[in-house]
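[1] Have a look at this fold, sequence not included:
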């Protein structure tokens, strides 16, 4: 086999492959003979079909298979010999002119780029830190108490106030006409918790059981119900029942009901703090990891292989269609989703993947078995039966691969933070919890 490699542009290469016609024909004959031993055709006993009949029926498809196999093998061998890292599948076409007794093919493909990462000691990364204080523990305690609150009916002449649970009938009309979802009976909500639009809550606050009231309500332009978004309605509401809420005391009984091992107030607060600190740790790690990845992308030079980008775009389009299907959208698999919607995100993913891979390779940042085990142990710690969770991870190679990828990203994050100029920034617990990702 003769091999020549030509650089077309940037990452695009062309290999010219030549294969002896005799090799192709020999393999075709061999496969047809093997096929003849098992093929079933009307009028012939199994294994007794004449070769010329087998060749007439299956010759074209077998020849096509052999050509694909042999050219594929030749391409792989040529790429390995030339030490080329091929990105995506080659486009192979047969040349019109070939040497005597040979078939010639052009294989056009892309190679993975050389990745140049600039000196990270000149790069800047903002690193967040946050502490779990008493305020965060108190707020979490309030949430836990609200989840376990009880309600008692108020006196007949009592008025609805914040934290009361009210039972109401209501009907809304737009331009005098009822609209879907605008009517309900025996509907319950808690005043002041934002379950209803502010104008609705304001109207009910101060009413007594048995009272009715009509009031205008403007739906926000971004309201989830598109049919009524931005429109004004007139609502009539009747309060049927008002119940005062009662929060459980923060005591040993509450701690016990929450399954705290040390059923004391101190034990409860310590348990909440431990869980919040775990959440803070993962949030900080995710946020600081994103900052590191942004810095890496900004400090790397490379050309993007179009084949890899297109493959990522295709994957994202299929993911979007699968999500539409899950939502019950009809013919979701045929939904027209333009590639360009996902191209910028796909380009970033491919760029980041190549940069991270180069950094890992050059600095031996691969995930060590003990790191994978430690990460799984940490993930399992918040569950009731950690040992079962650990077994669940180690019983599936795909799950282990996901953990390995996370550990590698953590190694990369630590490496970059150790090299770059780090700007430490402390944020409050609430700020961190409000941040996306």
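    Happy to help now that I have it. What you see is a predicted model; the values in this text were computed from it and never measured.
[2] wait, what's in contact with residue 411?
    Contacts for residue 411 were tallied using CB atoms under 8 Å, 6 or more residues apart in numbering; they are 360, 365, 366, 367, 371. (C-beta placed from N, C-alpha, C; glycine too.)
[3] Which pLDDT value belongs to the third one?
    So that's residue 366. In this model, residue 366 is scored at 94, pLDDT.
[4] In three-state terms, label it for me.
    Under DSSP: H, G, I helix; E, B strand; the rest coil, residue 366 falls in the coil class.
[5] Can you pull the phi/psi pair for it?
    According to degrees, to the nearest 10, the main-chain angles of residue 366 amount to phi -60, psi 160.
[6] ok, now the first one?
    Backbone torsions for residue 360, taken as degrees, to the nearest 10, come to phi -60, psi -50.
[7] tally of neighbours for it?
    Each residue near residue 360 was counted by other CB atoms under 10 Å, and the total is 17.
[8] Hmm, residue 353 and it touching each other?
    No - counting by CB atoms under 8 Å, residue 360 does not reach residue 353; the two are 10.6 Å apart.
[9] Tally up the residues packed near residue 174, please.
    16.
[10] ignore the last one, residue 328
    Residue 328 - counted by other CB under 10 Å - has 7 other residues nearby.
[11] how near is the residue nearest to residue 225 when sequence neighbours are not counted to residue 170?
    Once flanking residues are discounted, residue 225 sits nearest to residue 181: 6.3 Å by CB to CB, 6 or more residues apart in numbering. Using CB to CB, to the nearest Å, residue 181 is found at 11 Å from residue 170.
[12] In terms of neighbours, single out the busier of the two.
    Taking other CB under 10 Å, residue 181 and residue 170 do not tie; residue 170 has more neighbours (20 against 10).
[13] pLDDT wise, what is the residue nearest to residue 225 at?
    88.
[14] again with the one 5 residues further on
    At residue 186 the predicted local confidence, pLDDT, stands at 96.
[15] cool, and residue 29?
    Residue 29 is given a pLDDT of 85.
[16] Shouldn't it be within a helix?
    Yes - the assignment for residue 29 is a helix, going by three-state DSSP.
[17] Skip the chain neighbours and tell me the closest residue to residue 194.
    Distances taken as CB to CB, 6+ apart place residue 201 nearest to residue 194, at 7.9 Å, with adjacent residues excluded.
[18] I'd like the mean pLDDT over whichever helix or strand the one you found is part of, please.
    Residue 201 is part of helix 198-204, with elements assigned from DSSP states H and E. The average pLDDT within helix 198-204 is 95.
[19] ditto for stretch 145-156
    Per-residue scores along stretch 145-156 average to 93.
[20] can you check stretch 119-134 too?
    93.
[21] Check the offset of it from the chain's centre.
    25 Å (CA atoms, centre = their mean, to the nearest Å).
[22] And for it, what's in contact with it?
    Contacts for stretch 119-134 (CB under 8 Å, 6+ apart): 273, 276-277, 280, 283-284, 287-288, 291-292, 295, 298-299, 416-417, 419-429, 431-432.
[23] What helices and strands are in contact with the helix ranked longest in the chain?
    Taking DSSP state H as the criterion, the chain has its longest helix at helix 265-298. When contacts are defined as 3 or more CB pairs under 8 Å, 6 or more residues apart in numbering; DSSP states H and E, helix 265-298 packs onto strand 124-129, helix 134-147, helix 252-257, helix 343-363, helix 397-419, helix 429-434.
[24] Tabulate these in TSV, adding columns for distance to residue 186.
    Converted to TSV, these look like this (distance: least, CB to CB, whole Å):
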stretch	distance to residue 186
strand 124-129	47
helix 134-147	22
helix 252-257	29
helix 343-363	46
helix 397-419	46
helix 429-434	35
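[25] So for residue 18, which of these sits nearest?
    Minimum separation from residue 18 across the helices and strands packed on helix 265-298 (CB to CB) falls at helix 343-363, 32.8 Å.
[26] What residues sit buried inside stretch 63-82?
    For stretch 63-82, burial by neighbour count (16 or more other CB atoms under 10 Å) applies to 63, 66, 67, 70, 71, 74, 75, 78, 79.
[27] Same question for stretch 348-361.
    Burial within stretch 348-361, assessed by neighbour count using 16+ other CB under 10 Å, is assigned to 348, 349, 350, 351, 354, 355, 356, 358, 359, 360.
[28] Can you tell me what sits against stretch 309-325?
    88, 332-333, 335, 337, 339, 342-343, 345-347, 349-350.
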